[in-house]
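**Student:** Following is a predicted model, sequence given first.
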Amino acid sequence: MTVAGTALATTLTCAPFERADRRGGTRVVMRCESERALVDFDPEGLDARERDAFVRLADRGIADLERLLAPSGAVPPRTERVRYVVSRRVDMSRAFGRTVLLPLERVKSQSAPYLHETVHALVRTPHRSTWLSEGLACYLESWVAENVGGYDAHVFTRAGDHGIHEAARRYLRTPPGREVLPWVGAPGEPPSLEEDRAGVARPFYVLAHSFTKYLVDRLGLDAVVRLTTGADPELALERLSGRGMAEWRGDWLGARAPSGLQKTGR
């Protein structure tokens, strides 16, 4: 898979903006706009140069991701900009619809998972298969950063796309990795995924990234994006390939898991 980098945005405007808050009042933010991104910054914490750099980075990330996602036909063309909220009030990066929330300090230190969360803003996932929605976001974040531009936040691993299978192999040798494994390739998510970021989320995201990359390498990105945007990815995978999820998981685990693990899934 190859894709050329997208040129940086050339048109950028920033100005104070009065925005309604959750308590019914208003607060002033610095609103910056580009062709593809609308970013509300806390008025303090970042200087003009840092704000400008992030808006251009986000704009390019949207363009690069859209270029990769478009051939699948599963992601409708963008009709509105992706909105980012960069604030000290945000404690953890998240995406709600087409709005991405990012902690200000992570943006300042260039460690915000802006590409990961932008994938969530662009790709609708009408299912409960968390492993695939998060696995695709992890995969695209690392692949784009390594091959096109931008940066990988390395929230859960520094392995990147090129080293994710080895990272998965290491986690499969540990109790936390084996505990979350049943949810990789199945609907639902491990208990305490949101609360225990180190003990549950970290191994789950690494394994989900690895399995998603395995599927992309064999089926192609377009096919995996179509699975991700469907209502039942596991059933759709079987219909697409003629092979059940158990067989796909077994092949993926066969080269990575300790002896016997691929049969039990635990």
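**Tutor:** Now that the structure is in, tell me what you want to look at.
**Student:** partner residues bridging the closest residue to A15 other than its chain neighbours?
**Tutor:** Counting by Cβ to Cβ, 6 or more residues apart in numbering, A15 lies nearest to R31, which is 6.3 Å off, once chain neighbours are set aside. Every residue, glycine included, has its C-beta placed from N, CA and C. As for beta bridges, R31 partners with A15, D40 under DSSP bridges.
**Student:** tell me the contacts of R31?
**Tutor:** Contacts of R31 were listed using Cβ atoms under 8 Å, 6 or more residues apart in numbering, and they are 14-17, 19, 38-41.
**Student:** Tell me how many other residues crowd A236.
**Tutor:** A236 has 17 neighbours, counted by other Cβ atoms under 10 Å.
**Student:** Let's see the pLDDT reported for the residue nearest to A15.
**Tutor:** Taken from the predicted model, the pLDDT recorded for R31 is 97.
**Student:** Buried ones only from the contacts of R31, please, as a PyMOL command.
**Tutor:** With 16 or more other Cβ atoms under 10 Å as the criterion, this PyMOL line picks the buried residues out of those:
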select buried, resi 14+17+38+39+40+41
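**Student:** In the contacts of R31, which has the lowest confidence score?
**Tutor:** The weakest per-residue confidence within the contacts of R31 falls on R19 (84).
**Student:** buried residues in stretch 175-188?
**Tutor:** Residues of stretch 175-188 classed as buried under the neighbour-count rule (16+ other Cβ under 10 Å) are 176-181, 183-186.
**Student:** Let's see the pLDDT reported for L261.
**Tutor:** pLDDT, the model's per-residue confidence, is 50 for L261.
**Student:** same thing with A208?
**Tutor:** 98.
**Student:** with the buried residues of stretch 175-188 in mind, which one is nearest to R83?
**Tutor:** Distances from R83 to the buried residues of stretch 175-188, taken as Cβ to Cβ, are shortest for W183 (30.3 Å).
**Student:** sec struct for V107, please.
**Tutor:** Secondary structure, DSSP: H, G, I helix; E, B strand; the rest coil: V107 is helix.
**Student:** Report the contact partners of it.
**Tutor:** Taking Cβ under 8 Å, 6+ apart, one finds 46, 50, 54, 86, 114 in contact with V107.
**Student:** What's the local residue count around the residue nearest to D232 when sequence neighbours are not counted?
**Tutor:** Setting aside the residues directly before and after it, D232 is nearest to H127 in space (Cβ to Cβ, 6+ apart), at 6.4 Å. Here the count is done by other Cβ under 10 Å, and H127 has 18 residues near it.
**Student:** How much space separates H127 from P203?
**Tutor:** When Cβ to Cβ, to the nearest Å is applied, the distance between H127 and P203 equals 22 Å.
**Student:** Going by distance to R249, which of the buried residues of stretch 175-188 wins?
**Tutor:** Once Cβ to Cβ is applied, the member of the buried residues of stretch 175-188 that ends up nearest R249 is G185, at 4.7 Å.
**Student:** re earlier: let's have the contacts of R31 in a markdown table, adding distance to Y214.
**Tutor:** As requested, those are arranged in a markdown table below (distance: Cβ to Cβ, whole Å):
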| residue | distance to Y214 |
| --- | --- |
| C14 | 42 |
| A15 | 46 |
| P16 | 48 |
| F17 | 44 |
| R19 | 43 |
| L38 | 36 |
| V39 | 35 |
| D40 | 38 |
| F41 | 38 |
